[in-house]
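# From the sequence below, what's the structure:
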Amino acid sequence: MNAKFAIEWKKAPIEGAVTATVGTVVTAIVRGSGRSEEAIFSTDGGPARLEVTIETEDETGLQGILVKIDTPDHPFSFFLRDVNKAYPIYIPAYGVAVTQAEDDRTYGQIERDVKALNLVTELQRIEDEPEETYENAAEHTRELASQTWLGLSRDMRIFGVGFRGVGGEERLWDWVQPRFHGFEAKLPENEDKPVCYRYMLGRGVGCVDGVSRRLEDGSLPILHASIVDNDVVYDTVSFASYESSPLKADTLRGTHYLAADGFGHFHMLTEEQTALRERLLPEEMNQEEETVLYFRAVATNKAQVPRYAWFKNVVPNAFVLNDDKQYEFDGGNGFVRYSENRVCCVSKLGGQPLGTEETAVLLAPGESIAFEFYLPHRPISGERAERLRRQSFEERWTECRAFWREKLSRAATIKLPEQRIEEMVKAGLLHLDLVSYGLEPGGTIVPTIGVYTAIGSESSPIIQFMESMGWNGVAERALRFFLDKQHEDGLMQNYGGYMLETGAALWSLGEHYRYTRDEAWLLEIKDRLLKAFDYLANWRDRNKTKELRGKGYGMLEGKTADPEDPFRSFMLNGYAYMGMSRLAEMFANVDPDRSARIEEEAQAMKEDIRQALFVAMGNSPVVPLADGSWVPTVPPWVEHRGPLSVNGEGGKWLTHGSVATRDSLLGPLYLVFQEVVTPDEAAADFMLHYHQELMCTRNVALSQPYYSIHPWVHLKRGEVKAFLKAYYNGFSGLADRETYTFWEHFWHASPHKTHEEGWFLMQTRWMLYMEDGEERLNLLPGIPSKWLEHGNIIELDGIATYFGAVTLSVESNLEQHEIVAKVVCRSDRKPNTVSIRLPHPEGAIPSRTVGGTYCPTGQNVLIERFDGNAEIVLRFD
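The predicted structure follows:
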């Protein structure tokens, strides 16, 4: 059986060969001049047409054939089944089109016909739309409520809190669940199974949800909830504190990082680390006092007649039935206990010990009554419970509020015209801190990521946002985790067999150096950094074999995420390159000779990755875009031809809720972020376009969207509207809209996922400021233009950059026809050039600019030879 198609080139000369996965190839030049012999061809000048016949005896497999047009400059591949004269494979970037043999159109005619349709790509469509807003995004994305985690920071004894089934239908009632980080706390009274404490406010779960929640100050880990049950409103407050000690920075003990590490899912410990952890655990698990969940609900009658308020006290493990077999209730002192000296909850009503488990109180109009319970992380003795009962809720609340506010006071200040974003920045920083465990005041910290332990890759945005907010000391302690747990051979590996941690951790270490320029710290850890480099270099050497030429020569192989894919993936190798590149930069002053050797190896690796990338691009099928054009694609690793999700070579690739997971979340677009491919290269353009159209909805990746790095690429390319589309739709669909807690996935998997929150925070950081090379700082490169409507103010005070601390203030006085910006950097390594983007809400161009040079295309003001202090005025007369 034969199949015929034609290739039209806009411009010759062209030479090369046609290959197919099945069959024999015969070529013939039918337009223009040149030579062809079997599969090999060459054309002379001018437009050219090559007709190709594929002869095969396999009739069933004809449509699955992958054809490659192998030319020196622009090789490309396509599926034979995709050749259709109605929708020709039109690749304007290469000046070539593929159509059916009976279609006699030239390249120019095909191009004219495609353009006559007046179609646009999805990214062009976004550019033509108004800027995205949160309100619009929230209207079109799913809403995911999440449980809230409350704790002290550093201490792995935390609590999950939810209302009316939030967190899973098995939590039918209002509930509290003690956790040792990623694992629910187990009790011997419950056959060493996890315990969940449930209670009920009001009459129960009905057809109206009636629950609203909010964090104190919009950001503190103090949860407020309001439950409306007809005329009675229950206003609640929940927070974590100590059993008896005051909660202050100097009383916070924390948990040894190895003990906490072992309570993160998929942790990995060496034999030596396991032995040390076992020695530490008895002390870590049996502190002198427990952490405690403090809860108060104030029921208020809003009716004009008396109404009842109902309270059901805390019950261990109750579900549908009110099971009282595990515990006993002591109405004399309000204790819920498993035995005389195993009290799990202390309850009060109206300031007195709760007398009955189920209570109905008749309230006069406007009258209120308070129900409180104090729930230790694990049961305590009767004597300690008596002392706990005497604690003042108000004093503990005031103390807790001061504790978290003091933490925020040590971070940079960010004030924005959009309250939600401003609150999410502060709440996010505290969410990261809440699950970063270690001994105070200066011990190593494990920067965990939701229920999991730390990973060199997923912990990187957590650590780097802490750096951005000026918490360099906390970030350094978190980085120490990867050095303390480093293997003897130099490997860094802490999670589930992931092989990308070494490169990713080196990158974060290099970022810390960029922020601090701390050479004393660098010399202290130098030997461990060199071990890590040697590990990567030796790994590369094992892959420098003749058999791998053109197939991943010098590239590392190994698992990069949950799926068992032990391939030479671009993400894995890009992190290794970026880690080595940062290492060379770090050593430039302290050890120039080693720096040069590391840089040489890094650049050689970059070249190996690039060669593999372009070979893979030529071998991978082109795909159509919404404007009628086609673009080349790239697989996630060199061992495959094309995106896995198009199933060109078969296989079962659906994982984590999406067929596109490996292509999108772990794919080659990372190479732009990892500095292997520049943002303005054609390869970046190709990858960005097909990724957006094949693997995104509303410019947000599927499943675990914050693994996709395309929002950063948009910003680097100046594509603000595309960035904002991804930014707003990403968090509106994945984060709890009331408490700002992030999920890992769109299907209620893995709460308090700080990896996702960390990338959201870094996106916000890049939207507000982003370094460009070693001499330029870009301010406000991605903000919405509506932020500069009249009367709005933006203030960034003490933000940390590669150039030192920076302060920026912007005030819009458009009724007076001006926008004023002031930027200050007192560092001795201040940037040479500062760019401030100040987009007019209606796109107006200023009539006059003071303090810099206005660039209309980017709506930014360029300040060259920046001396550390600048004031910019835009006049719109």
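
# where does this protein dip in pLDDT?
Of all residues in the chain, those with pLDDT under 70 make up the ranges 59-63, 167-171, 319-324.

# ok, longest helix in it?
helix 592-619 (DSSP state H).

# Which strands and helices lie in contact with that helix?
strand 66-70, strand 76-79, helix 519-542, helix 570-590, helix 682-695 (3 or more CB pairs under 8 Å, 6 or more residues apart in numbering; DSSP states H and E). No exception for glycine: its C-beta is placed from N, CA and C like everyone else's.

# Tell me which of those is the most buried.
When these are scored by mean count of other CB atoms under 10 Å, the highest mean neighbour count falls to helix 570-590 (a mean of 24).

# Now do the same contact list for the closest residue to residue 5 other than its chain neighbours.
With CB to CB, 6 or more residues apart in numbering as the measure, residue 83 is the residue that lies nearest to residue 5, at 4.7 Å, once sequence neighbours are left out. Residues near residue 83 by CB atoms under 8 Å, 6 or more residues apart in numbering: 5, 89, 98-100.

# Nearest to residue 517, out of the residues you listed: which one, please.
Distance to residue 517 across those (CB to CB) is lowest for residue 89, with 51.6 Å.

# Touching, that closest one and residue 630? I think so.
Yes. Assessed by CB atoms under 8 Å, residue 89 is found in contact with residue 630 at 5.0 Å.

# Common neighbours of these two, please.
78, 622, 624.

# Residue 489: which of those residues is nearest?
residue 622 (42.4 Å).

# Could I get the phi/psi values of that closest one?
phi -70, psi 160 (degrees, to the nearest 10).

# Just give the number of residues close to it.
27 (other CB atoms under 10 Å).

# Give me the nearest residue to it, chain neighbours excluded.
Looking at residue 622 with CB to CB, 6+ apart, the closest residue is residue 630, at 4.3 Å.

# Now do that neighbour against residue 90, distance only.
In this view, residue 630 and residue 90 are 6 Å apart by CB to CB, to the nearest Å.

# So those two - more neighbours on which side?
A count of neighbours by other CB under 10 Å puts residue 630 above the other of residue 630 and residue 90, at 28 against 24.

# quick check, residue 497 in a strand?
No. Per DSSP: H, G, I helix; E, B strand; the rest coil, residue 497 lies outside any strand segment and is coil.

# Check whether it really touches residue 455, as I assumed.
No. Between residue 497 and residue 455 there is no contact under CB under 8 Å: 11.0 Å.

# Which of these two has more residues huddled nearby?
residue 455 (27 against 13).

# SS state for that one?
Following three-state DSSP, we place residue 455 in the coil state.

# Would you quantify the distance from it to residue 664?
From residue 455 to residue 664 the distance is 19 Å (CB to CB).

# again with residue 395
Counting by CB to CB, the gap from residue 395 to residue 664 is 50 Å.

# Those two: who's more crowded?
Using other CB under 10 Å as the criterion, residue 395 and residue 664 rank with residue 664 on top: 27 against 11.

# That one touches residue 702, doesn't it?
Yes. Taking contacts as CB under 8 Å, residue 664 lies within contact range of residue 702: 6.7 Å.

# tell me, what's touching those two both at once?
658, 695-696.

# Determine the number of other residues adjacent to residue 199.
23.

# Run through the residues that contact it.
In this structure, residue 199 makes contact with 173-176, 311-315, 373, judged by CB under 8 Å, 6+ apart.

# wait, which of those is closest to residue 139?
Taking the contacts of residue 199 together and measuring to residue 139 by CB to CB, the closest member is residue 174, at 29.3 Å.

# now that closest one: how far from residue 163?
Residue 174 is 5 Å from residue 163, by CB to CB.

# what's the answer for residue 642, then?
47 Å.

# Next: residue 607.
Residue 607 is 56 Å from residue 163, by CB to CB.

# What ranges does the stretch 401-550 of the chain have for its helices?
For the stretch 401-550 of the chain, the helices defined by DSSP state H, counting those that start in this stretch occupy 419-434, 460-468, 472-484, 501-516, 519-542.

# got the angle between the longest one and helix 472-484?
In other words, helix 519-542. 40 degrees (axes from the mean of the first three to the mean of the last three CA atoms, to 10 degrees).

# Helix 519-542: how far from the chain's middle?
Centroid separation between helix 519-542 and its chain, computed with CA atoms, centre = their mean, to the nearest Å, is 27 Å.

# That one packs against which elements?
Contacts defined by 3+ CB pairs under 8 Å, 6+ apart place helix 519-542 against helix 472-484, helix 501-516, helix 570-590, helix 592-619.

# Please state the offset of the second one from the chain centre?
Going back to what we said before, that points to helix 501-516. 17 Å.

# Which other helices and strands does it contact?
helix 460-468, helix 472-484, helix 519-542, helix 570-590.

# So what does the residue nearest to residue 420 when sequence neighbours are not counted look like in phi/psi?
Nearest non-adjacent residue to residue 420, counting by CB to CB, 6+ apart: residue 134, 6.2 Å away. Main-chain dihedrals, residue 134, degrees, to the nearest 10: phi -60, psi -40.

# and what of residue 820?
The phi/psi pair for residue 820 (degrees, to the nearest 10) is phi -120, psi 130.

# if I read this right, it contacts residue 814, doesn't it?
No. If you go by CB under 8 Å, residue 820 and residue 814 don't touch, sitting 11.0 Å apart.

# and residue 216, how many neighbours?
Residue 216: 17 neighbours (other CB under 10 Å).

# Tell me which of the helices and strands packed on helix 519-542 lies nearest to residue 792.
Using CB to CB, the nearest of the helices and strands packed on helix 519-542 to residue 792 is helix 501-516, at 29.1 Å.

# Quickly note the distance from residue 256 to residue 291.
Distance of residue 256 to residue 291, computed by CB to CB: 16 Å.

# same question, residue 201
For residue 201, the distance to residue 291 - CB to CB - is 23 Å.

# Is it correct that the residue nearest to residue 420 is in contact with residue 418?
Yes. Here residue 134 reaches residue 418: they are 7.2 Å apart, a contact under CB under 8 Å.

# sorry, back to before: of all the helices and strands packed on helix 501-516, which one is nearest residue 332?
helix 472-484 (45.9 Å).
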